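**Student:** fold the stuff below for me.
(one chain, ligands or ions: 1)
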Amino acid sequence: MSERILIIGSEGQVGTDLAAYLRGVYGKENVMCSDIKPVSDEKLDNGPYRVLNVLVKEHIREAFKEHKPTIVYHLAAMLSATAEAKPKFGWELNMDGLFNIFDAALEYGVKRLFWPSSIAVFGPNTPQLDTPQFCVMDPNTIYGISKLAGERYCEYYNKRWGLDVRSIRYPGLIGWKAMPGGGTTDYAVDIFHQALDKGRYTSFLSANTRLPMMYMDDAIRATVEVTEAPADKILIRSSYNLAGVSFDPEMLTEAIRKHIPTFHIDYKTDHRQAIADSWPKSIDDSRAQSDWDWELEYDTDAMVAEMLKQLAPRYGK
Ligand code: SER
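**Tutor:** Down below sits the predicted model:
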């Protein structure tokens, strides 16, 4: 029997790519998408969809009853910059949303639950280079605090209630299908659109702000691989480090200039700089490699080439 999959937050940056991938593999009827807003009729043709607010238990119950998912990907969350603007609601959405999904997953006997964590779980006293899997974690954003608390709860639900929950700490994610919404790493997506559209970009992070990043295809593959790996390979039940690549705006600019030599960047930092400064510059993901055989495919140049190729037609290039 095919798996029956429910994606919560399917209209977001990760959800958009994940839904397309999983529907290709499992068939569209087996993958129910859900998000907080109704979608266009055109999108409804892609497969089953439900409006689902993770803070409304009734919405969750209805979706679980109707679709009977064996695997749930719970992606709905408020990202770092937005959560700083709405700290109380950011915490509520990220934590209560997760608790509601935990409860439903146990009540309806879901086989596996995926929930993403983030590099935002680290903080100013974390070693910033090759950040180890286990180290000091003192996040100072609401988003980071909620992700670290969520990780602890994932492990707790696994150990105490046997819930088979899996998680990875996403680096900044770079894809062309959907825009990110309200994160600190968003510049690394926006820069491609502006490079193609205007030939120039004003970065809200400084030239040498190095952060871990990952091309979306790798992120989707990691998400599905960690979720589908045999349970005995998933030895970390909080969340796995995932390294991706590591670059700063200046290095990304150089990589873009290999394709668009006249591309110009300038810098005007804002409140997101302090958030970025508290995060690691590079990550050690040896546990993901050894536990479930994780292997990165896209380096920075391959990611840049693919982003520009995929986005060029949108800007008549
Ligand atoms: N990309 C996210 C953000 O910037 C980090 O997980 O908030």
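**Student:** please identify which residue in the stretch 51-200 of the chain comes closest to the ligand.
**Tutor:** residue 183 (2.7 Å; CB to the nearest ligand atom). Yep, even glycine has a C-beta here, placed from its N, CA and C like the rest.
**Student:** that residue is in contact with residue 80, isn't it?
**Tutor:** Yes - Residue 183 lies in contact with residue 80 (CB atoms under 8 Å); the separation is 5.5 Å.
**Student:** which residues touch the residue of the stretch 51-200 of the chain closest to the ligand?
**Tutor:** Residues in contact with residue 183 (CB atoms under 8 Å, 6 or more residues apart in numbering) are 79-82, 172.
**Student:** near the ligand, anything from stretch 227-242?
**Tutor:** No - under the criterion of CB under 6 Å from any ligand atom, stretch 227-242 makes no contact with the ligand; the nearest approach is 10.9 Å.
**Student:** hmm, I typed the wrong one, I wanted stretch 199-215.
**Tutor:** No - Stretch 199-215 is not in contact with the ligand by CB under 6 Å from any ligand atom; minimum separation 8.5 Å.
**Student:** may I have that stretch as PDB, with CA atoms only?
**Tutor:** Extracted C-alpha coordinates of stretch 199-215, given in PDB (Å, rounded to 0.1, in the frame of the first residue of the first chain):
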ATOM      1  CA  GLY A 199      21.300  43.800 -12.500                       C
ATOM      2  CA  ARG A 200      21.900  45.000  -9.000                       C
ATOM      3  CA  TYR A 201      21.000  44.200  -5.400                       C
ATOM      4  CA  THR A 202      21.100  45.900  -2.000                       C
ATOM      5  CA  SER A 203      21.900  43.400   0.700                       C
ATOM      6  CA  PHE A 204      20.500  43.700   4.200                       C
ATOM      7  CA  LEU A 205      23.400  41.600   5.500                       C
ATOM      8  CA  SER A 206      27.000  42.800   5.300                       C
ATOM      9  CA  ALA A 207      29.500  41.600   2.700                       C
ATOM     10  CA  ASN A 208      31.300  39.100   4.900                       C
ATOM     11  CA  THR A 209      28.300  37.600   6.800                       C
ATOM     12  CA  ARG A 210      28.900  34.000   6.200                       C
ATOM     13  CA  LEU A 211      26.000  31.600   6.800                       C
ATOM     14  CA  PRO A 212      25.300  27.900   6.000                       C
ATOM     15  CA  MET A 213      23.000  27.600   3.000                       C
ATOM     16  CA  MET A 214      21.600  24.900   0.900                       C
ATOM     17  CA  TYR A 215      20.000  24.500  -2.600                       C
END
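**Student:** I'd like the average pLDDT over it.
**Tutor:** For stretch 199-215, mean pLDDT is 98.
**Student:** sorry, back to before: in TSV: the contacts of residue 183, plus neighbour count.
**Tutor:** Shown next, in TSV, are the contacts of residue 183 (neighbours: other CB atoms under 10 Å):
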residue	neighbour count
79	22
80	26
81	21
82	17
172	25
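**Student:** what sits against the closest residue to residue 92 other than its chain neighbours?
**Tutor:** Spatial nearest neighbour of residue 92, excluding adjacent residues (CB to CB, 6 or more residues apart in numbering): residue 55 at 7.0 Å. By CB under 8 Å, 6+ apart, residue 55 lies in contact with 92-93, 96-97, 100.
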